[in-house]
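# sequence plus the predicted model coming up.
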Amino acid sequence: MEDPYSVSSPRRILSLSKKRRATISFLAADERTSGFGVSGEHGPKPSEVYGFVGSITTVITTVMVLVWAYVPEDWLHSIGISYYPSRHWALTVPAYFMVTVVLALGFYIGLNFMSTPSPTSLNIMFDEFSREPLSSVPSVDGDEQPIESISDIGINKINYLMFNNVN
């Protein structure tokens, strides 16, 4: 027979959720460990609450700015709004923001160009971590060869392998 708590279809999920009963417990003041409900059940996480409040605030602020920027002054005065910033700021703040972003990107790219060595610099090919390959390989009897130690491949060997036609 099938387990009554196993869930295999959407209809069963709905029927199981309808069968559950709400449990209410009245705890004494000294038994409460937190301000949230009953055993094991807690309210929404603070990050969820902050996200919800932040999204609602963003929507309300956006609507208020759009109303302030596009509705004629006579209409604002007729509904009792007489104190608001100059319309000049409706264009100035976004323009300042866009110029700041463009300048920040320009400075970031410029700093990267300044900190990168020139293409003719030997610092591109050699640094304090460069290792020359060992020239002496000990001979070992048999087919086994020792594993070579980690080293950099010289630019002359790379050029020879890449640009010499070996047929």
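Structure's in. What do you need? As the structure is a computational prediction, the values presented were derived from the model and not from experiment.

# my read: residue 130 touches residue 152, true?
Yes: Residue 130 sits in contact with residue 152 when judged by C-beta atoms under 8 Å, with a separation of 5.2 Å. For the C-beta atoms, the positions are set from N, CA and C on the backbone; glycine is no exception.

# where in the protein is pLDDT low?
The chain contains residues with pLDDT under 70 at 1-41, 135-143, 166-167.

# most residues in a single helix of it, which one?
Criterion DSSP state H: the longest helix present in the chain is helix 88-115.

# quick one: the helices in the chain, in order.
Using DSSP H, the helices of the chain run over residues 10-19, 46-70, 73-78, 88-115, 155-163.

# those helices: which one's closest to residue 126?
helix 155-163 (9.2 Å; C-beta to C-beta).

# look up phi and psi at residue 86.
Main-chain dihedrals, residue 86, degrees, to the nearest 10: phi -70, psi 150.

# that one: neighbouring residues, count only.
The burial count assigned to residue 86 is 7, neighbours taken as other C-beta atoms under 10 Å.

# check the gap between it and residue 144 for me.
Look at residue 86 and residue 144: by C-beta to C-beta, to the nearest Å, they are 84 Å apart.

# closest to residue 134 out of the helices of the chain?
helix 155-163 (14.1 Å).

# what lies in contact with the closest one?
residue 125 (C-beta atoms under 8 Å, 6 or more residues apart in numbering).

# hmm, 10 Å instead?
Applying C-beta atoms under 10 Å, 6 or more residues apart in numbering, the contact partners of helix 155-163 are 122, 124, 125, 126, 133, 152, 153, 154, 166.

# just the closest of those to residue 116, please.
Set against residue 116, the nearest of the contacts of helix 155-163 by C-beta to C-beta is residue 124 (9.0 Å).
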